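Enquirer: sequence? don't have it. structure:
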């Protein structure tokens, strides 16, 4: 079954969000409509300040919208309580950040285990699962190493492992290749693309890095708080 | 998650050490102050402690402690002896006297007159027969926690000189055979004892009751305490209650009289205020150091807490993590503080300062640490709970 046949993993309609008030009011989102299908990699692109981060924050239940609706994996995030949002994030969403955001005190293995520990999985079980995920991203041999002793690419692999270890149905990547060289960036995108293709998972990748655009199934371009264009992507990763 | 919290804590060594130092400091100062206070109080009821064979202390109804006394009539002794449950009762007289040394210097001593027959309450002087105290004008001197107060002229020419006082004469400590002048009565020193130091410190002069009555100024009443022993199996409290009923005097079991004395010092001693000030300072300093360190630790690790929050960690779990970090610091810091206090206590005891670490003094230290740590943790939790996980994104 292709992504196009799937029920959207994310469906946003008329989403608005503002910050501040009076003269300092900033309308970050001005009525965003967006669908993200399961099994696809959607790239969200646009200039700084156009609302990309606000949009993914709402989709991942980190922020409230002002108006409009946002259904993620069949649930209306606007109707969730704070506790439900937190639980939803822990169970259904994986994150990959620009600065990796690994916990420096924990080894690669322990970092990858965190989402499972948050969900209450026993440490032994969590670490067993984390070890197999690290093998999948090619870091099995460095499982017991602290992040500061890993290269940027290796740290991002750990971060991808952490995003996938609890088998989330939505993975959100925020500028995942910005801190990496071109070769490593492509390696990361290969891994991410594989992740999306390998299951019924939806990926949203926020990026400025035009070297990676070819990996997108679709690209949504934002400007001034709106989605101005949605186009088919290069699908390079899909062929690899 | 607690394991993660502790790993985060240990990874930031500078702040971890700072936190441990703050808590160890609090624990040390609170425990030290409490132990010092216990040492004072133990010295405060030294007279009771050194009469361990006494079960019940009988005194004038107005007397609340061994520190502030007024005498009873001599008949009190026979009245106490006649009470059922009393197997033995002996007198004890306390008084103060200005004692002149052989070179003309003088010093105020507390005179303790013990029962002539039993010598109950008289200290032991190494190498001397206790019966020698029964000799007319025989005394035993004791530093009573003071230092340099038992100095007598070292040279014969400076002793009882006819050409006036030799106040600047070289001196040495009193020893057996020396003479002192007490209210114009010449007394002979049998030797120096080493009883429990007094609080407040004061030189002591032990002698028999009959000698004490001779050398102390004449008073209408001369009996300060009656020290009673109960018959086997009798409750000291019950016998004390019976003595009070029959004689109209105040009677207290040894344990109760110690408590009364401690209470009296709490109310009347200015040193208690000093120790309270020391405790307050310790708590304030400890709170300052610990609170600031813990707050800085959580504040500077906000990005990590934000990641955990973004990954679905509930605020309650994050709060528990901060509390776990504070608890770990409290546990280790308290241990370090108590260990340090034990070592410092050993040193100050050897230097002659009152210090007594009782079972509850480490608990006082622990309580101080718990108060400081909980307060610091609660302040530190706030930024973590209020944290917006959106800061993890590059655009924030």
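Expert: Yep, that arrived. As the structure is a computational prediction, the values presented were derived from the model and not from experiment.

Enquirer: CA atoms for contacts and neighbours, from now on please.
Expert: Noted.

Enquirer: low-confidence ranges in chain B?
Expert: For chain B, the stretches with pLDDT under 70 are B:394-396.

Enquirer: For chain A, what is the nearest residue in it?
Expert: Using CA to the nearest CA, the single residue of chain B nearest to chain A is residue B:312, 3.8 Å away.

Enquirer: My guess is that residue contacts residue A:92. True?
Expert: No - using CA atoms under 8 Å as the test, residue B:312 is too far from residue A:92 to be in contact (9.5 Å).

Enquirer: Among those two, which residue is more densely surrounded?
Expert: Between residue B:312 and residue A:92, counting by other CA atoms under 10 Å in any protein chain shown, residue B:312 is the more crowded of the two (27 against 19).

Enquirer: Contacts only, for the closest residue to the residue of chain B closest to chain A other than its chain neighbours.
Expert: Of all residues not flanking residue B:312 in the chain, residue A:90 sits nearest, at 3.8 Å (CA to CA, 6 or more residues apart in numbering or on different chains). By CA atoms under 8 Å, 6 or more residues apart in numbering or on different chains, the contact set of residue A:90 is A:115, A:118-119, B:310-313.

Enquirer: Of those residues, which is the most crowded?
Expert: residue A:115 (29 neighbours).

Enquirer: give me the element that residue is part of.
Expert: Taking DSSP states H and E as the criterion, residue A:115 maps to helix A:108-118.

Enquirer: From the contact counts, what lies against that helix?
Expert: Other helices and strands packing on helix A:108-118, by 3 or more CA pairs under 8 Å, 6 or more residues apart in numbering or on different chains; DSSP states H and E, are helix A:123-136, helix A:152-164.

Enquirer: Quick check: residue A:95 is in a strand.
Expert: Yes - under DSSP: H, G, I helix; E, B strand; the rest coil, residue A:95 falls within a strand.

Enquirer: pLDDT value on it, please?
Expert: For residue A:95, the pLDDT comes out at 87.

Enquirer: One more: residue A:43?
Expert: For residue A:43, pLDDT reads 90.

Enquirer: Repeat that for residue A:164.
Expert: For residue A:164, pLDDT reads 87.

Enquirer: Let me see the ranges of the helices in chain B.
Expert: Secondary structure of chain B, counting by DSSP state H: helices at B:2-11, B:13-44, B:46-49, B:76-81, B:209-215, B:236-247, B:254-268, B:270-300, B:302-310, B:315-350, B:361-385.

Enquirer: Check chain A for the residue nearest chain B and tell me.
Expert: residue A:90 (3.8 Å).

Enquirer: how much space between residue A:118 and residue B:327?
Expert: 21 Å (CA to CA, to the nearest Å).

Enquirer: actually residue A:21, sorry about that
Expert: 42 Å.

Enquirer: So for those two, which residue has more residues nearby?
Expert: residue B:327 (19 against 9).

Enquirer: contacting residues for residue 192?
Expert: Reading this off chain A. With CA under 8 Å, 6+ apart, residue A:192 has these contacts: residue A:160.

Enquirer: Please refer instead to chain B.
Expert: Residues near residue B:192 by CA under 8 Å, 6+ apart: B:125, B:140-143, B:174-176.
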